[in-house]
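1. Requesting a structural model of the entry that follows:
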Amino acid sequence: MIPQASSAYRTYADEVDPSKKNLYAPFLSHLDWEIVQWAKLRGQGSTAFSELLTIDEVCERLGLSYKNTNELNKIVNDKLPSHRPVFRQFEASVGGEKFTMFCRDILECACALWGDAEHVRYLCVAPERHYADTDQTIRLYHDLHTGKWWWATQELLECEKPGATVMPIILSSDKTQLTSFRNKTAYPVYLTIGNLPKEIRRKPSHRGQILLVYLPTSRLEHIKNKAAHQRTLANLFHACMSVVTEPLRKAGADGVEMTSGDGVIRRCHPVLAIYVGNYPEQVLIMGTYTGDCPICKCPHEDLGEYPCEHGTRDVDEVRDALKFFGTAEYNAACAELGIKSIQHPFWEHLPYTDIYRSITPDVLHQLLQGIIKHLLSWLTDILGQDEINARIRQLPLNHTIRVFYKGISGLSRVTGTEHKQMAQFILGLIVDVDLPDGESVEDLVAATKALLDFLYMAQYSIHSTTTLNTPEDILSNFHAKKDIFLHMLIHYVHAIKLYGTTDNYNTESTERLHIDFTKEAYHATNHKNEFPQMTKWLERREKVLQHSKYIEWCLHRAASQEISGQAEAAVAEKVTRWRPPDLACSLDHHMTKWPTRNAVSITELMSPGGYGMSFFMAALARFVVELNSPTLTRSQVEDHAVPVRFPFTNLPVFHKIKFRNMLYFGNDTLDSIHASPQRVGASGNILAPSWFDTALVRVWHDAYMHEPRTSLNEARVGQVRVIFSLPEKSLRMLFPAVSPSRIPWHLVYVDWLSKFTAGPDGCYQMYKVQRLAGSAKIASVVPLTAIERSVHLFPKWGGSAPSEWSSANVLDQCMSFYLNLYKDPHSYYNLY
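-> Below you'll find the predicted structure:
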């Protein structure tokens, strides 16, 4: 926690414990508070918790301030301050049936996010233009405040209300199943503000999203006419959302004073900027017809055409048509614009809102659940289920690649995550495919690659005016190779320029929010009249989370009292300094403090049944000579390596290298390399197969000096056999004249594959490498710093997938491979 948040937390402290004598007030002690957190955030239910507390002497021995769940709930309800609004129940009557929704005040929700003490360090209060070059010709787009929408809205407000702070409101909604069999559903709407960076908004632990409303979920089964049924459902949605968003009309136009966590008061104008939803949600919100584009005026029969010459729907034209509601001309006016004759859409009177620009691309459903799903269907028709399943089972192992050991044809209800995993290896499935009637495979490869390129580029966390030209070229290439075109893809580039990259508004975040705000809330109820219980559970949970952050702030404040003001300010500056996302960032190696195995014999290291390092002694001797005498020629190194002897018979061995970048990605493991032999049980059964990953290794002589690679030709693929360290006692004897700082602490033995081909393969557009065998086989010992990342290879099948191949042995059985550029986003960006 940093000093700027102190204003909000001091106010909170006055509410929770005016005496300032008990850090954990209203609870008695640290233990008392820890049990509260467990019960409310990790517990097994109110009944089980009450039964635990009824055990003799549990409450007395632990010194608890409550004896059952009801007493604990009363403390949370009455004594913990609430900085987020409570839910209120509203009723609406449509078609003679009453409907209930549980709603919070939208302005109070936005104010709670704005004033959260944890958010003050991140708040963006003005639009910015970021550039990749000093001449400011290449513009960057990433967070919402770097897009053109915020600039345009700010300029409009400044003309009418100078000194305004734009607060972009982002809503998202999606119906979700509460149960698997009883067919209960919930219809939550979530709210966040674009003033928070996307990294904060999409992580539930940062509490950057808030549940705004549970909408009615009635199916209106008493309305038998299909058209009337659909019309009534749409009218019910818009009527409810009109109630929810009504406060935005005045606040968006006139502004409302809001206090951030540092005590600064600004006049904020909450404006609906983005509404995140899947296609059915988009149709419902816009009032368009299913099958039409909800964004542009393209007729249904022209959706397959590229380029699209039709402009965006005009919200002013639609608002003019809505003025005819209740007259004979209304239906005709709506029909002319291609929209349904709904009653007063909720966005009709929202200031500075163009709903047809607010609807954004949906990576999850359009690309992963749409494109990738259909692409796999096409490939399955071409290859056949048995062949495609066999190829998938035989793909080499890799940290970022999921091997579907049972294939994919038997999967049901495939998730977006699974489709994303499949996209990583789709291109490898069509290597050496024989098409019927002797057709060329090049068009199939080109179309598949174009879709994959679009998918990966659409998910970049940062774009520039240069990179945004590429998706347009990709769409053109795809259209040239296929008879159909996927219309919604044309709107991606425009949306990125308006609102930043797609991770600002991906429906994957909505799906994740369902778990925390809806499904867990439902499981905490008795499943009868559940929504009042769910809303109360959420309110208590939010209070406990808020109190947890307050206690963390108090502990941090106490620990930092001895730090000088200057040092504390330096810490604050370090924490708050903005860093743009960077896919080009290097990966840092992270090794465990202690080896996986403390002492592995040289015999086991060289054994084919062990680590398989056939040329270990010679490779290590060459490394010792090269480090001692870096100016020697290759033949001289070979001569000097012959007499080298080693004063050890065992070596400490590590089985994994982890790759991270703390600056941009924190503790997340971005990549990993495994190097472990098979594990055999006492009865001789194989517990785990051998796993020796392939890696991209820098090969020039001073690789260990951390110099950046400038081209793929400066690297080579090698199979990592072992990661080890030399005994510390032997270093002075092996490297008598070498500075200790130049002696690598971790070394890696690699079996080399052939050099990369001069360019990508003409058909598959992938670099090709081959396994070296016999006298051509080469191995080396290299410093850990020479290992850049893991790489994944596609086997060259040569026809049908050989039955003897498996994911564990394919790297040894196959002789030719293609480099997989789609292994992960970081590899795609840096190797493409």
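
2. residues in contact with stretch 27-47?
-> With CB atoms under 8 Å, 6 or more residues apart in numbering as the test, stretch 27-47 has contacts from 22-24, 49, 62-65, 69, 72-73, 75-76, 524, 540-541, 544-545, 548, 551. Quick note: C-beta positions are derived from backbone N, CA and C, even for glycine.

3. quick one: terminal-to-terminal distance for that stretch?
-> The distance separating the two terminal residues of stretch 27-47, taken as CA to CA, to the nearest Å, comes to 21 Å.

4. Run through this structure and note the low-pLDDT ranges.
-> Within the chain, the set of residues satisfying pLDDT under 70 comprises 1-6, 43, 94-96, 182, 479-485, 560-581, 700-710.

5. domain assignment for the protein?
-> Described in terms of automatic domain parsing, the domain architecture of the chain consists of the residue ranges 3-83+544-555, 84-277+350-359, 288-341, 363-504, 588-791.

6. out of these, nearest to residue 832?
-> Between residue 832 and those, the shortest separation by CB to CB is 8.1 Å, and it involves domain 363-504.

7. Make a PyMOL selection of the buried ones in the contacts of stretch 27-47.
-> Of those, the buried ones can be selected in PyMOL as follows, counting by 16 or more other CB atoms under 10 Å:
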select buried, resi 23+24+49+64+65+69+72+73+76+524+540+541+544+545+551
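
8. List the ones among the contacts of stretch 27-47 that fall in helices.
-> Judged by DSSP state H, helices contain the following of those: 49, 62, 69, 72-73, 75-76, 540-541, 544-545, 548, 551.

9. wait, which of these is closest to residue 149?
-> The shortest gap between residue 149 and any of the ones in helices among the contacts of stretch 27-47 belongs to residue 545, at 31.2 Å (CB to CB).

10. what number of residues lie near the residue nearest to that closest one when sequence neighbours are not counted?
-> Ranked by CB to CB, 6 or more residues apart in numbering and with sequence neighbours excluded, the top spatial neighbour of residue 545 is residue 207, at 6.4 Å. Residue crowding around residue 207 was assessed by other CB atoms under 10 Å; the count is 19.

11. Would you check that residue 207 makes contact with residue 118?
-> Yes. Taking contact to mean CB atoms under 8 Å, the distance of 6.9 Å between residue 207 and residue 118 places them in contact.

12. quick one on the thing from earlier: for the domains of the chain, which one sits closest to residue 811?
-> Proximity of the domains of the chain to residue 811 was assessed by CB to CB; the nearest stretch is domain 363-504, lying at 5.4 Å.

13. elements contacting the longest strand along the chain?
-> Secondary structure of the chain read by DSSP state E shows that its longest strand is strand 265-276. Helices and strands in packing contact with strand 265-276 are listed as helix 106-115, helix 148-160, strand 165-173, helix 247-254, strand 256-259, helix 355-358, helix 507-514; criterion 3 or more CB pairs under 8 Å, 6 or more residues apart in numbering; DSSP states H and E.

14. got JSON lines for the ones you listed, with mean neighbour count and distance to residue 651 too?
-> Supplementary listing: the helices and strands packed on strand 265-276 in JSON lines, determined by neighbours: other CB atoms under 10 Å; distance: least, CB to CB, whole Å:
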{"stretch": "helix 106-115", "mean neighbour count": "22", "distance to residue 651": "54"}
{"stretch": "helix 148-160", "mean neighbour count": "17", "distance to residue 651": "57"}
{"stretch": "strand 165-173", "mean neighbour count": "25", "distance to residue 651": "54"}
{"stretch": "helix 247-254", "mean neighbour count": "18", "distance to residue 651": "67"}
{"stretch": "strand 256-259", "mean neighbour count": "16", "distance to residue 651": "62"}
{"stretch": "helix 355-358", "mean neighbour count": "22", "distance to residue 651": "61"}
{"stretch": "helix 507-514", "mean neighbour count": "20", "distance to residue 651": "44"}
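
15. Let me have those in TSV, extended by distance to residue 14.
-> Output for the helices and strands packed on strand 265-276, formatted as TSV (distance: least, CB to CB, whole Å):
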stretch	distance to residue 14
helix 106-115	15
helix 148-160	35
strand 165-173	27
helix 247-254	28
strand 256-259	15
helix 355-358	40
helix 507-514	32
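
16. So for residue 466, which of the ones you listed sits nearest?
-> Checked against CB to CB, the stretch from the helices and strands packed on strand 265-276 lying closest is helix 148-160, at 16.7 Å.

17. circling back to that earlier point, tell me the buried residues in the longest strand of the chain?
-> For strand 265-276, a neighbour-count test (16+ other CB under 10 Å) marks 266, 268, 269, 270, 271, 272, 273, 274, 275, 276 as buried.

18. next one: stretch 318-335
-> Of the residues in stretch 318-335, those with enough neighbours to count as buried (16+ other CB under 10 Å) are 318, 321, 322, 325, 330, 333, 334.

19. ok, now how distant is residue 752 from residue 133?
-> 39 Å (CB to CB, to the nearest Å).

20. Same drill for those two, tell me which one is more crowded.
-> Neighbours per residue (other CB under 10 Å) separate residue 752 from residue 133, with residue 752 holding more: 19 against 11.

21. Surely that one is within a strand?
-> Yes. The assignment for residue 752 by DSSP: H, G, I helix; E, B strand; the rest coil puts it in a strand.

22. wait, doesn't residue 738 sit right on residue 626?
-> No. The pair formed by residue 738 and residue 626 falls short of the contact definition of CB under 8 Å, at 10.8 Å.

23. Need the outlier residue of this protein, farthest from its centre.
-> The outermost residue of the chain, judged by C-alpha distance from the chain's mean C-alpha position using CA atoms, centre = their mean, is residue 643 at 53.2 Å.

24. what's it sitting at in phi/psi?
-> Its backbone dihedrals place residue 643 at phi -80, psi 0, with angles given as degrees, to the nearest 10.

25. got it, and residue 694?
-> The main-chain torsion angles of residue 694 are listed as degrees, to the nearest 10 and equal phi -90, psi 150.

26. Run a quick neighbour tally on it.
-> Neighbouring residues of residue 694 were enumerated by other CB under 10 Å; the total is 24.

27. And for residue 558?
-> Per other CB under 10 Å, the neighbour tally for residue 558 reads 10.

28. Check which helix or strand it maps to.
-> If you go by DSSP states H and E, residue 558 is part of helix 530-559.

29. quick one: buried residues of that helix?
-> Within helix 530-559, the residues that qualify as buried by neighbour count (16+ other CB under 10 Å) are 530-531, 533-547, 549-551, 553-554.

30. where exactly do the strands run in the stretch 651-800 of the chain?
-> In order along the chain, the stretch 651-800 of the chain carries the following strands (DSSP state E, counting those that start in this stretch): 656-660, 671-676, 679-680, 686-688, 691-692, 694-698, 715-724, 747-752, 768-770, 779-783, 787-791, 793-795.
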